[in-house]
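Undergrad: Have a look at this prediction, sequence included:
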Amino acid sequence: MSIKVTNVSKNYGKQKALDGLSFEVAKGEILGFLGPNGAGKSTMMKILTTFIPPTEGTAEVCGYDVMEQSMEVRRNVGYLPEHNPLYLDMYVKEYLGFIAGLHQLPNKDKRVADMIGLTGLSAEQHKKIGALSKGYRQRVGLAQALIHDPKVLILDEPTSGLDPNQLADIRALIKKIGKEKTLMFSTHIMQEVEAVCDRVIIINQGKIVADEKADMIGKIGKNNSTIIVEFDKEISLKLLQNIEGAARVESLGKQQWEFFSKNPNEDIRPAIFKFAVEHNLTVLTINKTEKKLEEVFQLLTRK
């Protein structure tokens, strides 16, 4: 496993930021680490990158303990924190060379050139970092996190504050990087997670409330799917409520209805078709829709 967390808790005085978290991230996996503000996401990431120690439990990166073997962890992990700390008076190429020197890389100039190419900074490499847009500053942050070729990349809100074009560029870059490395990142942009993640962990008040494959996250909770039907003519709600297996029916228009099943795992479409035949109705459209990640997130994290 690239990341292994076992019963990790973190206390700040009387406040419990993390409460017994346990999870693993496999080699080559892209993990979306989600939660509302104050849930403990950044705290967990800081523990994995050896910035702060856990109060209880253990955490490992590439088999190295974050407390006992912190230098080995740092050699294997790249980290982009939420507030990207850059030297604004340094030029892009100069800054990346400085970071490469800190890592004591043998072929520093080539590695800097490779990272500039990978992150799309070629046209900006001779500019001061302070003169760059936020999108390009994030690219510089990604380049510094990648420059020592870590096996694990941890990104805390990497697309915060970016415009739609910048967001698309950074998202594509993250997806490209994720093909070669284990990647764990937090974000509040649910479409981003749906677009690039293999798996999603949601935490709330320091505890894990969901851990699912990204394509299965919509299965969480009751009434995880609904059936939306459009008939060729109007029909009364009272009659529709008699359809076998339907827990609730809501109107979406004169001829369009949304059906919620009593059993989340039961498909009531056959019963709807049977009802339509019995009442001389034509089904114009029928669609099964599952909860979006945003709906699941709200379901699990709202107080």
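TA: That came through, no problem.

Undergrad: residues near residue 192, how many?
TA: Counted with other CB atoms under 10 Å, residues neighbouring residue 192 total 21. In this view, the C-beta of every residue, glycine as well, is placed from N, C-alpha and C.

Undergrad: which is the next helix or strand following the stretch of helix or strand it belongs to?
TA: Element membership of residue 192, judged by DSSP states H and E, is helix 190-196. Where DSSP H and E defines the elements, the next helix or strand beyond helix 190-196 is strand 199-204.

Undergrad: Off-centre distance for that next one?
TA: 8 Å (CA atoms, centre = their mean, to the nearest Å).

Undergrad: Just name whatever secondary elements it is in contact with.
TA: strand 15-25, strand 30-34, strand 207-213, helix 293-301 (3 or more CB pairs under 8 Å, 6 or more residues apart in numbering; DSSP states H and E).

Undergrad: again, only this time at 6 Å
TA: strand 30-34, strand 207-213 (3 or more CB pairs under 6 Å, 6 or more residues apart in numbering; DSSP states H and E).

Undergrad: Show the average pLDDT along it.
TA: Per-residue pLDDT over strand 199-204 has a mean of 93.

Undergrad: Name the helix or strand of the protein that has the lowest mean pLDDT.
TA: Sorting the helices and strands of the chain by mean pLDDT, DSSP states H and E puts helix 293-301 at the bottom, at a mean of 77.

Undergrad: what packs against it?
TA: Using 3+ CB pairs under 6 Å, 6+ apart: helix 293-301 touches helix 190-196.

Undergrad: need the strands for the stretch 1-150 of the chain, in chain order.
TA: For the stretch 1-150 of the chain, the strands defined by DSSP state E, counting those that start in this stretch cover 3-12, 15-25, 30-34, 56-61, 64-65, 77-80.

Undergrad: Now do the second one: everything it contacts.
TA: Defining contact as CB atoms under 6 Å, 6 or more residues apart in numbering, one finds that strand 15-25 is touched by 1-10, 31, 40, 43, 182, 184, 201, 206-207.

Undergrad: Likewise for the third one?
TA: When contacts are defined by CB under 6 Å, 6+ apart, strand 30-34 is touched by residues 25, 41, 178, 183-184, 186, 193, 196-202.

Undergrad: Kindly report the same for the fourth one.
TA: Contacts of strand 56-61 with the rest of the structure, by CB under 6 Å, 6+ apart, involve 3-9, 47-48, 66, 73, 76-77, 152.

Undergrad: okay if I get those residues as a markdown table plus pLDDT, distance to residue 244 and neighbour count?
TA: Below are the contacts of strand 56-61 laid out as a markdown table (pLDDT from 0 to 100; distance: CB to CB, whole Å; neighbours: other CB atoms under 10 Å):
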| residue | pLDDT | distance to residue 244 | neighbour count |
| --- | --- | --- | --- |
| 3 | 96 | 47 | 21 |
| 4 | 96 | 47 | 16 |
| 5 | 96 | 46 | 23 |
| 6 | 96 | 47 | 15 |
| 7 | 96 | 46 | 14 |
| 8 | 96 | 48 | 24 |
| 9 | 96 | 48 | 16 |
| 47 | 96 | 51 | 24 |
| 48 | 96 | 50 | 24 |
| 66 | 96 | 55 | 25 |
| 73 | 95 | 57 | 23 |
| 76 | 95 | 56 | 19 |
| 77 | 96 | 54 | 25 |
| 152 | 95 | 51 | 21 |
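
Undergrad: If anything else comes up later, I'll come back, but that's it for now.
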